[in-house]
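Visitor: please find the sequence and the predicted model below.
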Amino acid sequence: MVIIPAARTDVATPACAGVQRSSLPFTAPYLLAPMEGVTEPCFRDLVLARNAATALGGAFTEFVRVSGVPTPHHVLQRHLGPQRFDAPVGLQLMGSDLAKLAATAQSAVECGAPLIDLNFGCPAKGALRGCAGSALLRDPAALERVVRAVVLALPATPVTAKIRAGYDDASRVEELARAAEAGGAVLLTVHCRTRAEAYRDEVDWTRIARAVAAVSIPVCGNGSVKTHADLQRMRDETGCAFVMVGRGALANPWIFSGARVSRSEAARFLLDYADAMRTRAQFPAGGILARLKQLFRYWTAGELFAEHERRAWLQQRDGVGLLARLESYARSERGTGPAGPNRPAPSGENSS
Ligand SMILES: Cc1cc2nc3c(=O)[nH]c(=O)nc-3n(C[C@H](O)[C@H](O)[C@H](O)COP(=O)(O)O)c2cc1C
């Protein structure tokens, strides 16, 4: 088990004195990244349930775009989902209108969000047009104002920020990190790619180390963590207190615990996911198949298929046949069992 250094997790806001003194609620230093179109409650809950809370310390919703009006409660509740686990799920907001962001953040807390994360990394054109997401990486002072507005609105709830290493280049990563800290963020996640680098394969973790050196709040490193061993390696190489995993968890949802699962367990995860999408979220059959294929782009867990078979799995059009095949895999072997459940909180069900 990896222990979070106590001094780094119970961190008061230094540069925004008197504004916020909230400690972080994470149960372990490894976190599931916010991913639009992926980390909605069906997928997220399965990952939380299959990794012990001592391995997976928290997760995030997909970003919630705050533009025209403060986001209504029912939308926030849909993102938070009905289940609660020992490990908290932060609600991520993206926007640049200070009043609407602050009002939405307050609504999110009323809906049960244990922490609010602010998105300063989204490279999509819509975000840039609205001067939100990674657009704010060009203006550290504006980024600081956004963080401060939300921090001031939430005196008792931790506010965290997620940045990329820069807009066109990483030359200002320290300045951006300091801006988030000065605004009152209690944790800073640094996705080590710049906006211009999008999702390219090569990454430079020294940018995370530079952010760690620049601020006194804990930093969460992010970018190209592909194996369980990479989690600790990123902490060792950069000094970051937390590590966030994005696509590595789509390849292997057990990456946090490091459990080696059987083909049967891998198939069971995908069947449970399909079932949750159908029964809990009323996804149409085509939507379920598309979401499963989104995982197949990355999937490695349980050696469900060989690399040369990936294309065939991605081209599968027969959803019924695919589920039948997964069902036969799920029944074929006894599983080795995950490392332990991330126990739903006692009062958890339907608590939002
Ligand atoms: C499909 C997809 C959707 C994403 N959506 C979000 C999002 O809603 N909010 C956010 O801050 N980052 C988002 N990201 C970025 C991830 O959180 C993460 O920073 C990025 O994937 C790098 O980590 P990785 O190399 O471990 O995947 C998304 C990434 C992917 C692949």
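Guide: Received it, and whenever you're ready, just let me know what you need.
Visitor: so what pLDDT did the residue of the chain found nearest the ligand get?
Guide: Closest contact between the chain and the ligand, by C-beta to the nearest ligand atom, is at residue 246 (2.6 Å). The C-beta positions use only the backbone N, C-alpha and C, and glycine is treated the same way. As predicted, residue 246 sits at a pLDDT of 98.
Visitor: same question, residue 18
Guide: In this prediction residue 18 is given a pLDDT of 40.
Visitor: from now on call the first residue 117
Guide: Right, with 117 as the first residue, what we last looked at is residue 134.
Visitor: list the contacts of the residue lying closest to residue 252 once chain neighbours are set aside.
Guide: Of all residues not flanking residue 252 in the chain, residue 259 sits nearest, at 4.5 Å (C-beta to C-beta, 6 or more residues apart in numbering). Counting by C-beta atoms under 8 Å, 6 or more residues apart in numbering, residue 259 touches 236, 252, 253, 277, 279, 292, 295, 296, 299.
Visitor: next: residue 155.
Guide: Here residue 155 is in contact with 148, 149, 175, 176, 177, 178 (C-beta under 8 Å, 6+ apart).
Visitor: please convert the residues you listed to JSON lines, extending it with distance to the ligand.
Guide: Formatted as JSON lines, these follow (distance: C-beta to the nearest ligand atom, whole Å):
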{"residue": "148", "distance to the ligand": "9"}
{"residue": "149", "distance to the ligand": "3"}
{"residue": "175", "distance to the ligand": "11"}
{"residue": "176", "distance to the ligand": "7"}
{"residue": "177", "distance to the ligand": "8"}
{"residue": "178", "distance to the ligand": "5"}
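Visitor: from those, pick the one nearest residue 319.
Guide: Top of the list for closeness to residue 319, among the contacts of residue 155 and by C-beta to C-beta, is residue 149 at 14.1 Å.
Visitor: and the gap between the closest residue to that closest one other than its chain neighbours and residue 424?
Guide: Spatial nearest neighbour of residue 149, excluding adjacent residues (C-beta to C-beta, 6+ apart): residue 362 at 3.8 Å. Distance, residue 362 to residue 424, by C-beta to C-beta, to the nearest Å: 25 Å.
Visitor: quick one: which of the two has more around it?
Guide: residue 362 (19 against 7; other C-beta atoms under 10 Å).
Visitor: show me the strands in the stretch 317-466 of the chain, by range?
Guide: Ranges of strands in the stretch 317-466 of the chain, per DSSP state E, counting those that start in this stretch, are 335-338, 358-361.
Visitor: quick one: strands adjacent to the last one?
Guide: Next to strand 358-361 in the sheet, as set by DSSP bridges, lie strand 146-148 (parallel), strand 335-338 (parallel).
Visitor: dump those to a markdown table, plus mean pLDDT.
Guide: Converted to a markdown table, the strands paired with strand 358-361 look like this (pLDDT from 0 to 100):
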| stretch | mean pLDDT |
| --- | --- |
| strand 146-148 | 98 |
| strand 335-338 | 98 |
